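>>> Here you go, sequence then predicted model.
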Amino acid sequence: MQAAPNKATPSLYRITRLMLGVFIPILILIGVFNGIRMSSDFEKMINQVEQDVIHSLQLIDDALEILEKVFDRQMLDGLDEFMQAYHASGESPRDLDLMALKGRFNHTMDVYIINSKGIVEFSTIEQDLGLDLTQWADFHEYLETIRAEGVPVVDRMSRETLTGLFRKYGYYPTPDKEWILELGIKPEVIAEYMKKLDPVQVGRRIALSNDVIDSIRIIDRLGWELSMSNPEQIEPFVLARANRVRETRQSLELVNWNTLTRYILQENRGHMMSFGAPDQVIELVYNRTGLITGIVANILVTLAGIIVSLILGYWLKTVEEELRKQAIYDGLTGVFNRRYGMSLLEIEINKASRLNSPLSCLLIDIDNFKKINDSYGHDVGDQVLSKVATELNQTLRAYDVFFRYGGEEFVIVFPGLSLEDAKVCSDRIRQLCAQVSISVDNDKSIQTTLSAGLVLLNQNETSKDLLKRADMALYEAKEGGRNLIRIAA
Ligand SMILES: Nc1nc2c(ncn2[C@@H]2O[C@H](COP(=O)(O)OP(=O)(O)OP(=O)(O)O)[C@@H](O)[C@H]2O)c(=O)[nH]1
C-alpha cells in the first residue's frame, strides 16, 4: 500500500495554518483592544462629566458670591434710607410710615425696629410684632454687639434647614443705641434668584443632556440634597456613604452590572454653596448599559469572526486535501499518477546510485485490454483497471513504488531488489493478476492477465532509458504470447 510522502507536500495546510495561527489571534487581539478602548472611553467620558459638574457648581458658587455682594449693596443703601427716614420722623419710630418705606424698596424687603430690650416693637410683618429676640441667646448677644458698635451690619445669606428658605438681614443701630433698624430681604425675592442658580437643576440638566448619566445629587452634611428651591431629605444609606467620603476624603465607587455610582467630594470654597455644611458630596449615577451592550456586541463580532475563520479554514483544508489528492493520485485507479510516480522513480534512482544498491523496475501492460473495452464497454474496462491496480498495489512492500504509467500500463519500482528477487516478485504479481476476477452483469466474471518487462538499473542510467529498456522487454513478452515477464538485456 502506498501513502503520499510528506516531502512532496510542503505547502500542505499552509493557508489553514495561517488562518488558525495568525488570523484568529489577530481577531482576538482586535476584540480585546476594542473592549479595552470602549472601557477607557467610558472612563474618560465619566471623568469629563465629573469635571463638568464640578466646574458648573463652582460657577454657581461664583455667581452666588456676586449675588451676595449685590444684595449687600442693596441692603446698605436701604439701611441708609431707613436711617434718614428715622431722622426725618424726629427720631420717633412710632411716627415712621413703615409701609411707605417698604414701598420705596419695591416691597422687596421687610422692615423691623427692635427696642433696647431686644423686642421687635415695630414691623411690616404683623406676626413678628412683639417677638422677643432674647430667646435666642447667641443671636441676642450678636445684636447687642452691633448695637454697641453703632455701624450698619449686613449678614451673609443663610438658609433655614427645616423650611429651606433663604434669608438675609441688615441692622443699623440708631445713634442713641435705643433702637436697631432692621431690614430683611423677602425670602421669595432671594428664592427667585436661587431657583435659577439651583445646583440640583444644573445637575438635572447635565444628566438630561448626557446619555451615560442617570442622575446627579449634591448631599450636604445634614443629610439634605442640596437645593436652592426644594430641599429634600435623602435616604439614610446615601447619607452614610456621603459621610464615609467626607471622613476618608476619598471617592467611593459602587459598580453594578449596568450602573456605576460614584461619590466625590466637593471641597468647600468658603462661598455660599456650603450654607454651613463644610463639604458637599456629589452623587453621580452612571448608566453602563451602553458600555456593556457595546462590549457584548464586540465579543459576538469577534466570536463570529473566529467561527467564520474556522469554517473557512476547514473548507480550505478540504479543498487543499482534494487538490493534493488530484496532484498525486490517479483519479480512476487511486494509485500514484504518472507525474508523481516518475518523480518518485527519479528519487529512487538517485538513492540507489548514491547508496550503490540495486533497483529493479517492472513495466506492466494488461493483455488484450482493447477486447475487454470492445466486449463489455468502457465502464467495465475502467472497473478492470481499477480492480487490478488495487489488488497489485496491496501485495507490494511499503517502500515499493507503484504508479499508473498511462492507459492500461503500470510501473512498479523495487528499490533494493536484485534482478533475481525482482523476478520472483514480478511472477507473483503476474499470477495474482490472472486470479483477479471482475464480476460483470451478476452472473459473468472477467479475468485478465498481464505482460511485463523487468529491468535492472544500470550505472548512470536515466529513468527514460530504464523505461525504454523495460518497454522493449515488455514488447518481447507480448510477442512471446502474453501473460509473461521478460527481463531486459
Ligand atoms: N476503459 C478504459 N480503457 C482505456 C483506458 N486507457 C486506455 N484504454 C484502452 O486500452 C486499450 C489498449 O489497447 P491496445 O494498446 O491495443 O492494447 P491491448 O488491447 O491491451 O493489446 P495488447 O497490449 O497487445 O495485449 C485501448 O483501446 C485504449 O483505448 C482507460 O482509462 N479506460
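Sure, I can see it.

>>> from here on, contacts and neighbour counts on C-alpha atoms
OK.

>>> per-residue confidence at the residue of the chain most remote from its centre?
The outermost residue of the chain relative to its centre, with distances by Cα atoms, centre = their mean, is G90 at 82.8 Å. Residue-level confidence at G90 comes out at 94, pLDDT.

>>> mind checking the SS state of it?
coil (DSSP: H, G, I helix; E, B strand; the rest coil).

>>> burial measure for the residue nearest to L450 when sequence neighbours are not counted, as a count.
Nearest in space to L450, with sequence neighbours left out and distances taken as Cα to Cα, 6 or more residues apart in numbering, is I366 at 4.4 Å. By other Cα atoms under 10 Å, 21 other residues sit near I366.

>>> residues of the strand or helix carrying Y263 that come out buried?
Under the criterion of DSSP states H and E, Y263 resides in strand 259-266. Going by neighbour count (16 or more other Cα atoms under 10 Å), the buried part of strand 259-266 is T259, L260, T261, R262, Y263, I264, L265, Q266.

>>> ok, now how distant is the closest residue to L197 other than its chain neighbours from N298?
By the measure of Cα to Cα, 6+ apart, the closest residue to L197 outside its immediate chain neighbours is I60, 6.0 Å from it. In this view, I60 and N298 are 41 Å apart by Cα to Cα, to the nearest Å.

>>> Same question for K69.
As judged by Cα to Cα, K69 and N298 stand 55 Å apart.

>>> Those two - which one has more neighbours?
Neighbours per residue, other Cα under 10 Å: of K69 and N298, the larger number sits with N298, 18 against 13.

>>> who touches that one in this structure?
Residues near N298 by Cα atoms under 8 Å, 6 or more residues apart in numbering: G31, N34, G35.

>>> Quickly find the element holding D72.
Using DSSP H and E, D72 sits within helix 24-88.

>>> what angle sits between that helix and strand 259-266?
Orientation check (axes from the mean of the first three to the mean of the last three Cα atoms, to 10 degrees): helix 24-88 against strand 259-266 gives 40 degrees.

>>> on contacts alone, who are the packing partners of helix 24-88?
Packing partners of helix 24-88 (3 or more Cα pairs under 8 Å, 6 or more residues apart in numbering; DSSP states H and E): strand 153-154, strand 166-173, strand 180-185, helix 199-209, helix 289-328.

>>> and the third one, which strands flank it?
Think strand 180-185. The pairing partners recorded for strand 180-185 under DSSP bridges are strand 109-114 (antiparallel), strand 166-173 (antiparallel).

>>> Could you list the low-pLDDT ranges of the stretch 101-250 of the chain?
Where the stretch 101-250 of the chain drops to pLDDT under 70, the residues are 161-162, 164, 227-231.

>>> where do the helices sit along it?
For the stretch 101-250 of the chain, the helices defined by DSSP state H, counting those that start in this stretch cover 137-149, 187-196, 199-209, 236-248.

>>> How confident was the prediction at the residue nearest to L450?
We have a pLDDT of 97 for I366.

>>> shouldn't it be in contact with G453?
No - using Cα atoms under 8 Å as the test, I366 is too far from G453 to be in contact (12.0 Å).

>>> Mind exporting the C-alpha coordinates of stretch 51-58 to PDB?
Only the C-alpha atoms of stretch 51-58 are listed here, as PDB (Å, rounded to 0.1, in the frame of the first residue of the first chain):
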ATOM      1  CA  GLN A  51     -15.200  67.800  35.700                       C
ATOM      2  CA  ASP A  52     -18.200  69.500  34.000                       C
ATOM      3  CA  VAL A  53     -20.300  69.000  37.100                       C
ATOM      4  CA  ILE A  54     -17.700  70.400  39.500                       C
ATOM      5  CA  HIS A  55     -17.000  73.300  37.100                       C
ATOM      6  CA  SER A  56     -20.700  74.100  36.900                       C
ATOM      7  CA  LEU A  57     -21.000  74.000  40.700                       C
ATOM      8  CA  GLN A  58     -18.000  76.400  41.000                       C
END
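
>>> May I see the buried residues of that stretch?
For stretch 51-58, by 16+ other Cα under 10 Å, it's V53, I54, S56, L57, Q58.

>>> Rebuild those as JSON lines, extending it with pLDDT and distance to E141.
Formatted as JSON lines, the buried residues of stretch 51-58 follow (pLDDT from 0 to 100; distance: Cα to Cα, whole Å):
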{"residue": "V53", "pLDDT": "83", "distance to E141": "40"}
{"residue": "I54", "pLDDT": "83", "distance to E141": "38"}
{"residue": "S56", "pLDDT": "84", "distance to E141": "38"}
{"residue": "L57", "pLDDT": "80", "distance to E141": "35"}
{"residue": "Q58", "pLDDT": "82", "distance to E141": "34"}
